[in-house]
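Asker: Provide a 3D model corresponding to the input given below.
(4 chains)
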Protein chains: 2
Amino acid sequence: MSCVFTLKQKGLKLTPQRRLIAEAIHDIPAHLSAEEIITYVQEKMPGVNKSTVYRTLELLEEAGCVYRSRIDDTFVYHHAEEGHHHHLVCRKCGKSVDCDEDLLASAEQEVADRYGFKVDLKHVVISGLCQACAHET
Amino acid sequence: MSCVFTLKQKGLKLTPQRRLIAEAIHDIPAHLSAEEIITYVQEKMPGVNKSTVYRTLELLEEAGCVYRSRIDDTFVYHHAEEGHHHHLVCRKCGKSVDCDEDLLASAEQEVADRYGFKVDLKHVVISGLCQACAHET
DNA sequence: GGCATAATTGCAACCAGGTGCAATTACAAT
DNA sequence: ATTGTAATTGCACCTGGTTGCAATTATGCC
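Answerer: Below is the predicted model of the structure:
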């Protein structure tokens, strides 16, 4: 809901396609692939073009409503809620765990101090193996 | 050189195409994009197909001769030398800086301790803005 | 050197994601 | 309710990277 509102705020048009896309990322509390969002949208409104979906997601990202991260080879999108900004995602089972803000803060600081590099690791998705998947060979 | 030797060791064939690809990543001391490698190879041997290049690079990566990392939207390849395994790369000017091994080690440990996640951040490329690019608007 | 054969190549087709452009449509003003 | 217009859509095509498959070739063996 907040998403469509934010779009309006920016003087952008509120099309049924956009409403559906916002609905998808709003209603489904997970990291969605573009594929999944496209499917969701097309179920309720066949004929919606994938480029519309990609463009809307880009818009929502710019508006700060949605985060996009790359997980291995595909992009995943999730609703931007304050509080937990980066995530551990298991590369095998796909399970995702939110982790604390401060985890990479010190590394960020180090990079700035030592190398003068300005990086933002807040929305980074770290891919690895979860306990369960690491155990089974 | 070591690269082609490693391939031989594994019972793989040493084709002129592969020799050239190995030469590229061996001779040019930078993060090369696939594009650049393809160009290099095709200059010396026109007609070499991109899929050959991609497949060889994959092979070399599996053999541990080459690291592949994603930088923003494209893959970059570089010769695997021991010592400096992760890199800061400026998203604007492309400048690349090797950084210390231990930078992310503590973060890695934290992730393991707190969340049971097993991650490997050694070959990660961190993209950000270098001092120069951060200063100009 | 010639031969067998498994590995490798080039091709053509595919995938996710992105882009330029003409046709359509949401919205503001009347 | 109509209209004007700028934003948005769908389309068709493009990109980097990947894959299946038939044709080619590097290597081991005689």
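Asker: can you list the residues of chain A near chain B?
Answerer: By C-beta under 8 Å from any C-beta of the partner chain, the residues of chain A that approach chain B are A:70, A:88, A:90, A:97, A:99-100, A:103-104, A:106-107, A:110-111, A:114-121, A:126-131, A:134. Bear in mind the C-beta positions are built from the backbone N, C-alpha and C, glycine included.
Asker: what lies in contact with the worst-scoring helix or strand of chain A on mean pLDDT?
Answerer: In chain A, no helix or strand scores lower on mean pLDDT, DSSP states H and E than strand A:86-90, which sits at a mean of 74. Strand A:86-90 has contacts (C-beta atoms under 8 Å, 6 or more residues apart in numbering or on different chains) with A:31, A:69, A:71, A:95-99, A:101, A:103-104, A:121-130, A:133, B:111, B:115, B:117, B:119.
Asker: does DNA strand C sit close to that strand?
Answerer: No. Shown here: strand A:86-90 not in contact with DNA strand C (C-beta under 7 Å from any atom of the strand), separated by at least 14.4 Å.
Asker: what strands flank that strand, and is each parallel or antiparallel?
Answerer: Strand A:86-90 has the following strand partners under DSSP bridges: strand A:96-99 (antiparallel), strand A:125-128 (parallel).
Asker: just the buried members of the residues of chain A next to chain B?
Answerer: Among the residues of chain A next to chain B, the ones that count as buried by 16 or more other C-beta atoms under 10 Å in any protein chain shown are A:88, A:90, A:97, A:99, A:103-104, A:107, A:110-111, A:115-119, A:121, A:126-130.
Asker: hang on, A:Leu14 is in a strand, isn't it?
Answerer: No. Applying DSSP: H, G, I helix; E, B strand; the rest coil, one finds A:Leu14 to be coil, outside a strand.
Asker: pretty sure it is touching A:Lys8, no?
Answerer: Yes. A:Leu14 is in contact with A:Lys8 according to C-beta atoms under 8 Å; the separation is 6.0 Å.
Asker: surely A:Asp102 forms part of a strand?
Answerer: No. Secondary structure of A:Asp102 (three-state DSSP): helix, not part of a strand.
Asker: so what's it scoring on pLDDT?
Answerer: We have a pLDDT of 76 for A:Asp102.
Asker: ok, now A:Met1?
Answerer: For A:Met1, the model assigns a pLDDT of 55.
Asker: please apply the same query to A:Ala80.
Answerer: pLDDT, A:Ala80: 80.
Asker: what pairs with the closest residue to A:Cys99 other than its chain neighbours across the strands?
Answerer: Closest residue to A:Cys99 apart from its sequence neighbours, by C-beta to C-beta, 6 or more residues apart in numbering or on different chains: A:Leu88 at 5.5 Å. Taking DSSP bridges as the rule, A:Leu88 bridges to A:Val97, A:Ile126.
Asker: next one, pLDDT for A:Glu62 please.
Answerer: On the pLDDT scale, A:Glu62 is placed at 92.
Asker: would you mind measuring from it to A:His31?
Answerer: 19 Å (C-beta to C-beta, to the nearest Å).
Asker: more neighbours: these two, which one.
Answerer: A:His31 (20 against 10; other C-beta atoms under 10 Å in any protein chain shown).
Asker: I'd say the more buried one and A:His79 touch.
Answerer: No. Look at A:His31 against A:His79 with C-beta under 8 Å: they stay out of range, at 9.9 Å.
Asker: mind checking how far the residue positioned nearest the centre of chain A is from chain B?
Answerer: Closest residue to the average C-alpha location of chain A: A:Tyr77 at 2.9 Å, with C-alpha atoms, centre = their mean. According to C-beta to the nearest C-beta, to the nearest Å, A:Tyr77 and chain B sit 16 Å apart.
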